[in-house]
Every structure is written in structure tokens, then in C-alpha cells.
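# Could you look at this predicted model? Sequence included:
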Amino acid sequence: MTPTMVDRTANLRTALLRAIPGALGVLGSRDPSGGARFAVVSWLTPAAHEPPLVAMSLEPDSHTLGAMRHSGVFALAFLPLRAMRTAQRLGRATRELDGGLDKAGGIMIAATPMTGSPIPAEACAWLECHVKREHAVGDHILVLGEVLHATQREEPLPELLSMQKAGWKY
């Protein structure tokens, strides 16, 4: 059975923004060659209602941060609990992979309809955003993104993968 796509609504945007504290997000953007770059982010939170903003923290040498700077847009995808393997694969730093392999290798990727940002095909919902600002904060870069669009594939929204459900510790 193919999930039905449901367009953005204010209710969905609010539901996803409320789910963020504790949820793992998969940040996806395109690098200059058009390649998909991903980072699993746990340091993320809603930042404002009007305009709707999300904030997340990335390491300064993150390939995904570089892709976001290049493209100016990104998607913040949310995975259902059943997508643990995808989160584990995408959650690894590229530098940790043997032989510099593409960490998205072997993972089905889709493109979001508005910005064309990459998302894991297993994502049950996502926010499409444009980069509003970034600030150096300690040893990370805080990125503020303005939410342009929200979409969900599953209704009702399933329980989202979180740090706690994944058994991860930061």
C-alpha cells in the first residue's frame, strides 16, 4: 500500500514543531555537484512562530552544513521508529566511514516537492526550509531555518524516532 501524500497545513506544521524536542531529524541538502548530504540532528528546536523558524546545531566541518550554505535550502525529515537502520547509517560522520564511502549509499532517497532537498524515502513527514541565519556558538554552528512547507506521508503521524527510542546518548 502506497502512503497518501498530505499537503502542508498549519496543524501539521504545529504538530511537527511540537514533536521536535527529543525527536531526531534528518537534515538533507544538496552540495554544489547536486549530491545529497545528510546529517542526523538531535540538537534542534522550534525557534519562532512568525515566521515559523527551527534551530539546529551542526559541527563546523559538517558536509551537510556546507551543502546548506551552497543551496540556501534544506529539508528536516522525521523518521518513524521502524527506520532505525536509516538513522544509524545517516547519523555517522562521513569521516567515520571506511574509505570515505557515501553515508547515503544504499539508502533510498526522495526529493521534496518545493525545494528539491533530499530526504530519506522512509521519512514519514518533513519540513522544507530556507536558511535564514547562522551563528557560531561554542564548537558548533547554530542554523536558523524558516519553514516554507510541511508534508506528511502517513496519517495519523506515527511515533517518531527519538534519541531515547534509538537508545542514543550524545
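It's in.
# Now do the strands in the chain.
Ranges of strands in the chain, per DSSP state E, are 25-30, 36-41, 44-48, 53-58, 73-78, 109-111, 118-120, 125-137, 140-152.
# Reformat these into TSV and put mean neighbour count next to each item.
No exception for glycine: its C-beta is placed from N, CA and C like everyone else's. Below are the strands of the chain laid out as TSV (neighbours: other Cβ atoms under 10 Å):
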stretch	mean neighbour count
strand 25-30	27
strand 36-41	24
strand 44-48	17
strand 53-58	21
strand 73-78	27
strand 109-111	15
strand 118-120	26
strand 125-137	19
strand 140-152	20
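# Could you dump those into a markdown table with distance to L90 added?
Listed next are the strands of the chain as a markdown table, based on distance: least, Cβ to Cβ, whole Å:
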| stretch | distance to L90 |
| --- | --- |
| strand 25-30 | 6 |
| strand 36-41 | 5 |
| strand 44-48 | 15 |
| strand 53-58 | 14 |
| strand 73-78 | 10 |
| strand 109-111 | 10 |
| strand 118-120 | 7 |
| strand 125-137 | 14 |
| strand 140-152 | 17 |
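# For G91, find the nearest of the ones you listed.
strand 36-41 (3.8 Å; Cβ to Cβ).
# Next up, phi/psi of E122, please.
phi -80, psi -10 (degrees, to the nearest 10).
# Setting aside sequence neighbours, what's the nearest residue to it?
A83 (4.2 Å; Cβ to Cβ, 6 or more residues apart in numbering).
# Would you mind listing the residues in contact with the one you found?
P120, E122, A123, L161 (Cβ atoms under 8 Å, 6 or more residues apart in numbering).
# Please apply the same query to G145.
L53, V54, A55, M56, F74, L76, L127, C129, H130, V131, K132.
# cool, V26 as well?
The contact partners of V26, taken as Cβ under 8 Å, 6+ apart, are 38-41, 76-79, 86-87, 90, 119-120, 123.
# ok, now how distant is the nearest residue to L27 once chain neighbours are set aside from P158?
Once flanking residues are discounted, L27 sits nearest to A39: 4.7 Å by Cβ to Cβ, 6+ apart. Separation of A39 from P158 (Cβ to Cβ, to the nearest Å) stands at 22 Å.
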